[in-house]
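Undergrad: kindly generate the corresponding structure for this input.
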Amino acid sequence: MHNQCCVFARIVVTVGILGVFLPVSGAEGKPDPKKSQAAYQRGLRAEQAGKRDEAIASYDEAIQADPSNAAAWRARGKDLLAAGQLEKAKTDLEEAVRLQPGDAQSYAARGDYFLAMKDSLRAAQDFETAISLKLDRTEVYTGRGNAYLQLSQYDKAIADFSQAIKLRNDNPEPFFGRGMARSAQRQFRDAIEDFDLCLSRKPDYAEAWLERGLDYAGIGDYQHALEDLNMALKLRPDDLRASRARGAVKERSGDDYGALIDYGDAIQRDPKDARLYLARGAVYARLKKFQESLQDRNQAVQLDPYSVDAYVARGSSYHLLGDHEKGLADRTLAIAIDPNSALAWTARGNAYFLLGRYDESLSDLKHALSLNPADQDTARLAMQAQAKIDEIVHKALSQEKVQDTGVMVLPGAAQPAASASRTEPSVETRPAESTRAWTKPVEAKPVETAAVEPKPAEPKPIEPKPVETRPEEIKLAEAKPVEVKEPERAVSEARPPETKPVEAKPVETKSAEATTVVTKPAVTTAAAVPLETPPVPVTPSPRPSAEAPKPTPAAPAKTLGMSTGVTAAEFHARGRKLSQEEHYPEAIEQFNEALKLDPGLILAYNARGYAQLRLRHYPQAIADFDQAIKLNPAYANAYSNRSAAKRSAGDGNGADADMAKARELLKGK
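TA: So this is what the prediction gives:
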């Protein structure tokens, strides 16, 4: 009985204590909407006064007083976004949408966050939801227009910006956005009008001055372009993009020394931007300061070792300095880095043409056209290369008609008249049992034709048609060069890129294509870098194959070249022509004849290996590349080609080793 009384007493005491404290605890945990709303209003006033930190503190208080206050979450999220605290902003805006899924303003605010994060699709969806919830405001349409602009949906962007302008004509942002969309569509004059309207509403809008300056440059009005860019730099002296753009405009307007100053200033502010070195290097080359140009292009390669533009540009500098082997090697590396680059193939084809190596030029130019069929300049240069090859082949065929032996005169026979036709005696007419003296055929001295050492032609420069375009250097992406992995394949199947055509006679441009060489290098490189996944070879129409006459026991055997007077170099030229026409089996026959006459002809081994590779005869291709490397252990191009063959044959490690060796050899040059 006593124990029951004690338990009852404890229960009474416990209930009494809870009765004292529970009301207090409940009062502290209960939301206070009135207090929350008052704090929220203080935050709005502080925000209007430009006191962001004070506004955020007030919104904190509002959320603490009532965690269900969606407006406070949204307002704080917008301020955190403006302050650059992106993760916190995202949390607040997501909570605002969760608390009030029908609140259009919360979707619009979250759309601004996604837009800042370049998540354009989700931004467009949130703005679409806000508009569907009847939030017809200029900033919402402007936001969705900017999302469409990021998505490159320019017509939709222009429609949204136009609607935003109808809703509020004094807002400069939709005019700016519409100008950007029209500029992207190359409607430069319409874009200039929009930027005019934008600047009339906000005269200190530095970005609008910059963009209008670029559009003036796009229509060739460099005077107004420079005025606008000067104003942009006056408003923002540290604007790297404006400085780079002004350098490009000065370069276009012929003020090369002014361009050097602007590029130099930009390089001082951002010494790791490879594009700036390429731009300044092009100006140095045009001023014939070739060493300075090479230094800048070397720096560009070091900063961006997988840039096709950098290797093509440096190759141009090597050619201008007379180091043609390095120039061709750089362009070959550019092809290995990006086999889909029409610029790289055109650049090497252009160099081959000016060196008089027309067969290799035509092969590269045709491949460039397969990547960019609309490139008329490259097409015209390819036609010139084809004409040169046809001329060389015609000369070679004419040479075959010249007899390579004397006239056989039997004892007692009448001396033929001087005007009589000379015919090559057949070995079959010599009596096997004859013991009389035999007149030894006189071998014709090999003639070096234009297929071996042609004098490089100076093609007339192909003048591009006037096109309204913003400065090329300015159109590059504003992000820093992205480091990419080393390509696993030397070359691959091509797909069309967007590149600028290279003229027949190189001119220093932003694409870094400049070559004015007119002499053939002492050491030549091999055929174009082969495709790793070659197309199925085209079956050529049957061609008659010549066989060497069968020797008699008393006479040595002759090759086809010995019987026709065709030299190894001429067989090699024929093989090249057949190879670039994709008649690979017949090309191999010609290379075989060339190597019979000259077993040390390195180019023929490499070219035959290329043809074998295109036929997917990988062991034979590797054997030919092996022989080329054996004859010239420093033959970097042969290592590169063998790498492609090994990789196609499944020898990845061997392919990597060969590519590493090729890079080592090229680096040491």
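Undergrad: which residues does Asp103 contact?
TA: Ala70, Arg74, Ala96, Val97, Leu133 (C-beta atoms under 8 Å, 6 or more residues apart in numbering). Heads up, the C-betas are built off the backbone N, CA and C, glycines and all.
Undergrad: sketch out the low-pLDDT regions of the stretch 251-400 of the chain for me.
TA: The model of the stretch 251-400 of the chain has pLDDT under 70 over residues 399-400.
Undergrad: my read: Arg201 touches Asn171, true?
TA: Yes. Using C-beta atoms under 8 Å, Arg201 is in contact with Asn171, at 7.4 Å.
Undergrad: is Gly600 in a helix, a strand, or coil?
TA: What DSSP: H, G, I helix; E, B strand; the rest coil gives for Gly600 is coil.
Undergrad: excluding chain neighbours, give the residue nearest to it in space.
TA: In this structure, Gly600 finds its nearest non-sequential neighbour in Leu631, 6.2 Å apart by C-beta to C-beta, 6 or more residues apart in numbering.
Undergrad: test my guess that the one you found contacts Ile602.
TA: Yes. Counting by C-beta under 8 Å, Ile602 is a contact partner of Leu631 at 5.0 Å.
Undergrad: so for those two, which residue has more residues nearby?
TA: Ile602 (19 against 15; other C-beta atoms under 10 Å).
Undergrad: how near is the more buried one to Glu586?
TA: 21 Å (C-beta to C-beta, to the nearest Å).
Undergrad: now do Asn230
TA: Taken as C-beta to C-beta, the span from Asn230 to Glu586 is 63 Å.
Undergrad: more neighbours: which of those two?
TA: Glu586 (20 against 14).
Undergrad: show me what contacts the closest residue to the more buried one other than its chain neighbours?
TA: In this structure, Glu586 finds its nearest non-sequential neighbour in Leu578, 4.9 Å apart by C-beta to C-beta, 6+ apart. Counting by C-beta under 8 Å, 6+ apart, Leu578 touches Pro540, Tyr584, Glu586, Ala587, Gln590.
Undergrad: next, give phi and psi for Leu578.
TA: phi -60, psi -40 (degrees, to the nearest 10).
Undergrad: could you number the chain from 57 rather than 1 from now on?
TA: Right, with 57 as the first residue, what we last looked at is Leu634.
Undergrad: Ser699: what's it in contact with?
TA: Ala546, Gly710, Ala711, Asp712, Asp714, Met715, Ala718.
Undergrad: of the contacts of Leu634, buried ones?
TA: By neighbour count, with 16 or more other C-beta atoms under 10 Å, those hold Tyr640, Glu642, Ala643, Gln646 as buried.
Undergrad: show me those residues that map onto helices.
TA: Tyr640, Glu642, Ala643, Gln646 (DSSP state H).
Undergrad: kindly reformat the residues you listed as TSV containing pLDDT and distance to Ala694.
TA: Output for those, formatted as TSV (pLDDT from 0 to 100; distance: C-beta to C-beta, whole Å):
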residue	pLDDT	distance to Ala694
Tyr640	89	18
Glu642	91	23
Ala643	90	18
Gln646	92	19
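Undergrad: what's the closest non-adjacent residue to Asp415?
TA: Using C-beta to C-beta, 6+ apart, the nearest residue to Asp415 is Arg632, at 3.7 Å.
Undergrad: circling back to that earlier point, will you turn the contacts of Asp159 into TSV that also has secondary structure, neighbour count and distance to Asp277?
TA: Listed next are those as TSV, based on DSSP: H, G, I helix; E, B strand; the rest coil; neighbours: other C-beta atoms under 10 Å; distance: C-beta to C-beta, whole Å:
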residue	secondary structure	neighbour count	distance to Asp277
Ala126	helix	20	51
Arg130	helix	25	45
Ala152	helix	26	47
Val153	helix	20	47
Leu189	coil	16	45
